[in-house]
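Student: Model the following, please.
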Amino acid sequence: MERRQNILKTLFAVLLFGGAWGIIEATIGTVLHLPIIHRTMFLSSTTILVPIAYFLMGACYKRSGNMRSVLYMGILAASMKAISCAIFKMSFNPCFYILMEALSMGIALLVIRPKKVISFAGLGTFIIANTLYLGISTFLRINVANATSTQVMENIQKYMFMYNCVAILYTFALGAIIYGVMKLIEVKEWNFSKVKEVIYHPAFASSIAAIAIVVTIVLH
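Tutor: Just a heads-up that it's a prediction; the model follows:
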């Protein structure tokens, strides 16, 4: 009975946070790729969407208590993207990058195992995950066999240092804001138990996942 409950808890946590990841990737990701937006390191999916994905994965891990839930989340989000890619005959590369993010976060969680998502341990987990992800993805972006040493170093400097530092700063700032809001709620003794019941309800989690599939296809 307990094992069944744990499986269901993990399942609905993955649907909830994986669905939220899919919705954010489709909506904010679409905006960030618009031609009118100047896609510098300050406004790119690498510095904005990836940190949000890691936060959602951390929240999923803490909610489910199961480290594998992070990988399941990645599979769910990548599958949603794959459906859109297959329908519109687009490259499946984004799916592989999503899976890499999930794998990187899984490895980082194995190293640190933070007790709280919003904490210095949580930030450390993100730093490890993002550095690992950018390290792998940097070498996938360029053809190392044909690239010059200068091109390789330029890409390492650009992604491993510049983009990584901006993403870490964004994450620290967002974490500080969330921490401040949490402290305010604690001081004011506001009760959001009813809201949490709705958010973590299986029907709500399933609805979020279903919406994510639709939004991903519509905003391909």
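Student: what are the ranges of the strands in this structure?
Tutor: For the chain, no strands are identified by DSSP state E.
Student: And the most centrally placed residue in it, how close does it get to Tyr179?
Tutor: For the chain, Ala53 is the residue whose C-alpha lies nearest the centre (CA atoms, centre = their mean; 1.1 Å). Ala53 sits at a distance of 20 Å from Tyr179 (criterion: CB to CB, to the nearest Å). In this view, the C-beta of every residue, glycine as well, is placed from N, C-alpha and C.
Student: and the lengthiest helix in the chain, what other elements does it pack with?
Tutor: Using DSSP state H to define each element, the chain has its longest helix at helix 2-32. Under the contact criterion of 3 or more CB pairs under 8 Å, 6 or more residues apart in numbering; DSSP states H and E, helix 2-32 touches helix 45-64, helix 68-87, helix 202-218.
Student: what's the first one packed up against?
Tutor: For helix 45-64, the helices and strands in contact under the criterion 3+ CB pairs under 8 Å, 6+ apart are helix 2-32, helix 68-87, helix 93-112, helix 120-141, helix 164-188.
Student: who's in contact with the worst-scoring helix or strand of the chain on mean pLDDT?
Tutor: None of the helices or strands of the chain scores lower by mean pLDDT, DSSP states H and E than helix 149-155, at a mean of 84. The contact list for helix 149-155 (CB atoms under 8 Å, 6 or more residues apart in numbering) reads 138, 141-142, 144, 147.
Student: can you check stretch 57-65 too?
Tutor: Stretch 57-65 has contacts (CB under 8 Å, 6+ apart) with 6, 9-10, 13-14, 16-18, 21, 67, 69-70, 73-74, 101-102, 105, 109, 114, 116-117, 122, 125-126, 200.
Student: Can you read off the pLDDT for Val144?
Tutor: pLDDT recorded at Val144 is 64.
Student: Dump the helices and strands packed on helix 2-32 to a markdown table, plus distance to Phe192 and mean pLDDT.
Tutor: Below are the helices and strands packed on helix 2-32 laid out as a markdown table (distance: least, CB to CB, whole Å; pLDDT from 0 to 100):
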| stretch | distance to Phe192 | mean pLDDT |
| --- | --- | --- |
| helix 45-64 | 15 | 91 |
| helix 68-87 | 23 | 91 |
| helix 202-218 | 14 | 93 |
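Student: Can you say which of those is nearest to Tyr170?
Tutor: Ranking those by proximity to Tyr170 (CB to CB) places helix 45-64 first, at 5.7 Å.
Student: Highest neighbour count among the contacts of helix 149-155?
Tutor: Counting neighbours by other CB atoms under 10 Å, Thr138 leads the contacts of helix 149-155 with 19 neighbours.
Student: Find the residue closest to that residue in space, skipping its chain neighbours.
Tutor: Using CB to CB, 6 or more residues apart in numbering and skipping the chain neighbours, the partner closest in space to Thr138 is Tyr159 (4.6 Å).
Student: who's in contact with that neighbour?
Tutor: Taking CB under 8 Å, 6+ apart as the test, what Tyr159 contacts is 46, 134, 137-138, 141.
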